[in-house]
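just coords:
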């Protein structure tokens, strides 16, 4: 790593608190009815016929922000009928937004408080308002699994809000109590959703969040992933969620994410193989010490190929370009970094933890540039 890179890293390292502050020791929830949950997980996809979605005939036009704004507006109007229609449509059609995110995934994350124009800054009241809206949705559509998955998704985020971002030993007993209660509410809501006819790939993603928050062991977490893959192998959000679980500051060991990327990509045809490899390994694209030390164990040629295929098929997004620029910087590929920086419209704080680090890397990339090639 060059002296310039080291100076940038030192600046960013001081800001890595959020990425490394959780710790494993107190993340496990009290004992849960695992047998019931495990049986439900295995039964959920029974009779479902999985298949990889074919690449789109043209690059998507709608960005994640445009799509999220559309969902926000319908939620604010309590237009649950239209939300139900959209959810059914994109589950069936497997549509994506620019950058390759499944619209089915973005549909649920569009409801996070910070994405609403009416966000008050008081997270507790914002979450309570969303929970009330979710319950209103269920009352209007009692057979809606979509509404329950929406509500469970909010409960997991609300649990994280209770816990906070401090080290495990800094979390109070009251915070842990709320954290576990809200996680339990998410799990119970998912179990309710599983009894309904409507099935949704995102059900598994939210259950993965529950597993993460309850501290399931590796065998249990992997079994959940395997059931999710059997339901919809191309839904790459499963893989990124599991990669978060595998981070060494959580439940994995050094090298687990890279090995996982190799394993999964070997089972898929191109372009899905390289794209999924990129999506898994890019979970390490945070300019902080743990990830910057771990990332070089991955295959840069495979990362690069995945990025090229992803942007060719689905177009480029600001977040994807930020992730790739950071990885190119760590691997010292100035041409690739410059190509990505030319697409970026704003710094993604989840990738570049400080503006100084972002600007220094951008300046470094400009010192040498030629067209990006596979």
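Sure thing, it's come through. What you see is a predicted model, and the numbers here were worked out from it, not measured in a lab.

show me the shaky parts of the stretch 251-374 of the chain.
Regions of the stretch 251-374 of the chain meeting the criterion pLDDT under 70 cover residues 368-374.

what's the helix or strand that residue 106 is a member of in contact with?
Using DSSP states H and E, residue 106 falls within helix 103-109. If you take CB atoms under 8 Å, 6 or more residues apart in numbering as the criterion, helix 103-109 is touched by 64, 67-68, 71, 86-87, 90-91, 94-97, 115, 149-150, 153, 200-202, 205-206, 235, 237. For every residue, glycine as well, the C-beta is placed using N, CA and C.

narrow these to those that are buried.
With neighbours counted by 16 or more other CB atoms under 10 Å, these contain buried members at 64, 67-68, 71, 86-87, 90-91, 94-97, 149-150, 153, 200-202, 205-206, 235, 237.

the contacts of helix 103-109 in helices, which ones?
64, 67-68, 71, 86-87, 90-91, 149-150, 153, 202, 205-206, 237 (DSSP state H).

contacts only, for residue 54.
Contact criterion CB under 8 Å, 6+ apart gives no residues in contact with residue 54.

could you measure from it over to residue 207?
Relative to residue 207, residue 54 is positioned 27 Å away (criterion: CB to CB, to the nearest Å).

with residue 215 instead?
14 Å.

repeat for residue 274
28 Å.

repeat that for residue 43.
Residue 43 sits at a distance of 13 Å from residue 207 (criterion: CB to CB).

do residue 218 as well
As judged by CB to CB, residue 218 and residue 207 stand 16 Å apart.

more neighbours, the two?
Remark: of residue 218 and residue 207, residue 207 carries more neighbours, 28 against 13, as counted by other CB atoms under 10 Å.

show me what contacts that one?
Per CB under 8 Å, 6+ apart, neighbours of residue 207: 41, 187, 190, 224.

ok, the third one - how many residues close by?
Other residues within reach of residue 190 by the criterion other CB under 10 Å amount to 27.

same question, the first one
Residue crowding around residue 41 was assessed by other CB under 10 Å; the count is 21.

that one contacts residue 226, correct?
No: counting by CB atoms under 8 Å, residue 41 does not reach residue 226; the two are 9.6 Å apart.

which parts of the stretch 251-374 of the chain are helices?
Along the stretch 251-374 of the chain, counting by DSSP state H, counting those that start in this stretch, helices occupy 256-265, 272-281, 289-294, 300-314, 318-331, 334-341, 355-365.

list the contacts of the fifth one.
Identification of contacts with helix 318-331 by CB under 8 Å, 6+ apart yields 5, 64, 99-100, 278, 281-282, 284-287, 292, 295-296, 300, 303-304, 307, 310-311, 334, 336-337, 340-341, 343-348, 351-352, 361-362, 364-365.

how far off helix 334-341 does that helix point, in degrees?
Here helix 318-331 runs at an angle of 160 degrees relative to helix 334-341 (axes from the mean of the first three to the mean of the last three CA atoms, to 10 degrees).

offset the numbering so it begins at 304, please.
Understood, numbering begins at 304; the last thing we discussed is helix 621-634.

who touches residue 344 in this structure?
Counted by CB under 8 Å, 6+ apart, residue 344 has contacts 507, 510, 526-527, 530.

that one belongs to a helix, doesn't it?
Yes: counting by DSSP: H, G, I helix; E, B strand; the rest coil, residue 344 falls inside a helix.

tell me how far it lies from residue 581.
27 Å.

what of residue 531?
Taken as CB to CB, the span from residue 531 to residue 581 is 19 Å.

which one of the two is surrounded by more residues?
residue 581 (29 against 26).

excluding chain neighbours, what is closest to that one?
Using CB to CB, 6 or more residues apart in numbering and skipping the chain neighbours, the partner closest in space to residue 581 is residue 609 (2.7 Å).

please apply the same query to residue 545.
Of all residues not flanking residue 545 in the chain, residue 528 sits nearest, at 4.8 Å (CB to CB, 6+ apart).

tell me how many other residues crowd that neighbour.
Neighbour count for residue 528, taken as other CB under 10 Å: 20.

and the contacts of the host helix or strand of it?
In this structure, residue 528 sits in helix 521-534 according to DSSP H and E. Helix 521-534 has contacts (CB under 8 Å, 6+ apart) with 337, 341, 344-345, 347-348, 351, 353, 502, 504, 507-508, 510-511, 514-515, 519, 538, 541-542, 545, 548, 554.

got it, and stretch 431-442?
Stretch 431-442 is contacted from outside by 378, 381, 383, 386, 414, 416, 447, 450-451, 453-454, 457-458, 461, using CB under 8 Å, 6+ apart.

and these, which of them are in helices?
By the criterion of DSSP H, membership of the contacts of stretch 431-442 in helices covers 378, 383, 386, 450-451, 453-454, 457-458, 461.

now these in TSV, with pLDDT and distance to residue 622?
Output for those, formatted as TSV (pLDDT from 0 to 100; distance: CB to CB, whole Å):
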residue	pLDDT	distance to residue 622
378	92	22
383	97	29
386	97	24
450	97	27
451	98	28
453	96	22
454	97	26
457	95	22
458	96	25
461	94	24
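
show the buried residues in those.
Buried among the ones in helices among the contacts of stretch 431-442 (16+ other CB under 10 Å): 378, 383, 386, 450-451, 453-454, 457-458, 461.

buried set for stretch 538-552?
Quick answer for stretch 538-552 (16+ other CB under 10 Å): 538-546, 548-551.
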